[in-house]
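[1] No letters, just coordinates:
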DNA sequence: TACAAATAGGATAAATTTATCTGAAATAAA
DNA sequence: TTTATTTCAGATAAATTTATCCTATTTGTA
């Protein structure tokens, strides 16, 4: 059979990025740096690809990197508390998912809406609200307490 | 700069599929068949690719095709009224977008949740509810009345 | 019957996303 | 200063999605 796309909310890169950031946050809260090797093992992702994504997070100043022996990735405690999921998503997938038109029209707005504009508005707003109000700290706490999991 | 994925809610194929189905519905409500050429012109999509997607919709019995001279694509009036957006999305992108885990975990559920499981639940439910309660007829009516648009 | 108009299907190409590899640069410690 | 460890950057490969092309098949009509 032809067509069967496997579409999900975020790109693979973004999924890895979110999980990596949470893992770094968990460790940084205990003053431990982590390497891409440890990260990719923990979140079950390809190492080299994950390293690329980490570089993007560094460039967006979401995580901090330390080169050389005993280096790795870490986050300020302050950043852990203030970084929103939306910032991570934005760094990797951009904001099209919660700001763009559901049917890909470039000029879709209240005055010139696509067929699903109004229907989508609620979903998009719900997503945006969630991403902008969820901090890494909240997610990291659940991992630490065993209430949620990063893999399997 | 490296990473910048352009992620949206549905695949391009699915966007085309939704728009094509709406256009077919609009025309079928006036007893007119339409060809892939007319469709792709109207929804501003690549013709051959759109034709492939139409075939998928035919196989899923969402639209009806008539071969040969004066053939084209059409929909029963009944189908227009009862076909939900969810059926079109399912035919092309599957249901992962509103049923799968936000972070791609295969075994993500209430008992073994990913870090964003609870946060995502609301968004996913909102999306699912919207897709399952929006009919082609509603969308086609807005196009006919000029309240919404298929392109630009 | 012959022809034109239309969908169906397979092969292939282009573009994008995902993934790997290799070497350079930085840094701590021996 | 040398070595081991680590991030950074660029090139490249693999996989998937998007897109095109070509031909077969169907069907209405002259």
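    Structure received. Since the structure is predicted, the reported quantities are computational estimates derived from the model, not experimental observations.
[2] what comes up buried for stretch A:101-109?
    Across stretch A:101-109, burial judged by 16 or more other CB atoms under 10 Å in any protein chain shown covers A:101-105, A:108. Where C-beta positions appear, they are placed from N, C-alpha and C, glycine not excepted.
[3] What about chain B: which of these touch it?
    A:102-105 (CB under 8 Å from any CB of the partner chain).
[4] Looking at those, spot the one nearest residue B:62.
    Residue B:62 lies nearest to residue A:103 out of these, by CB to CB, at 16.8 Å.
[5] Contacts only, for that closest one.
    Going by CB atoms under 8 Å, 6 or more residues apart in numbering or on different chains, residue A:103 touches A:114-116, B:10, B:15, B:18-19.
[6] same thing but 10 Å
    A:113-117, A:120, B:8-10, B:14-16, B:18-19, B:22, B:43, B:148-151 (CB atoms under 10 Å, 6 or more residues apart in numbering or on different chains).
[7] try residue A:127
    A:9, A:86, A:89, A:97-99, B:9, B:102, B:119-120, B:122-124, B:126-127.
[8] got the buried residues of stretch A:101-109 as JSON lines, with pLDDT, distance to DNA strand C and secondary structure columns?
    As requested, these are exported to JSON lines (pLDDT from 0 to 100; distance: CB to the nearest atom of the strand, whole Å; DSSP: H, G, I helix; E, B strand; the rest coil):
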{"residue": "A:101", "pLDDT": "98", "distance to DNA strand C": "16", "secondary structure": "coil"}
{"residue": "A:102", "pLDDT": "98", "distance to DNA strand C": "17", "secondary structure": "coil"}
{"residue": "A:103", "pLDDT": "98", "distance to DNA strand C": "17", "secondary structure": "coil"}
{"residue": "A:104", "pLDDT": "97", "distance to DNA strand C": "12", "secondary structure": "coil"}
{"residue": "A:105", "pLDDT": "98", "distance to DNA strand C": "18", "secondary structure": "coil"}
{"residue": "A:108", "pLDDT": "98", "distance to DNA strand C": "19", "secondary structure": "coil"}
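[9] Turn the residues you listed into JSON lines, including distance to DNA strand D.
    JSON lines is the format used below for the buried residues of stretch A:101-109 (distance: CB to the nearest atom of the strand, whole Å):
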{"residue": "A:101", "distance to DNA strand D": "15"}
{"residue": "A:102", "distance to DNA strand D": "14"}
{"residue": "A:103", "distance to DNA strand D": "13"}
{"residue": "A:104", "distance to DNA strand D": "9"}
{"residue": "A:105", "distance to DNA strand D": "14"}
{"residue": "A:108", "distance to DNA strand D": "18"}
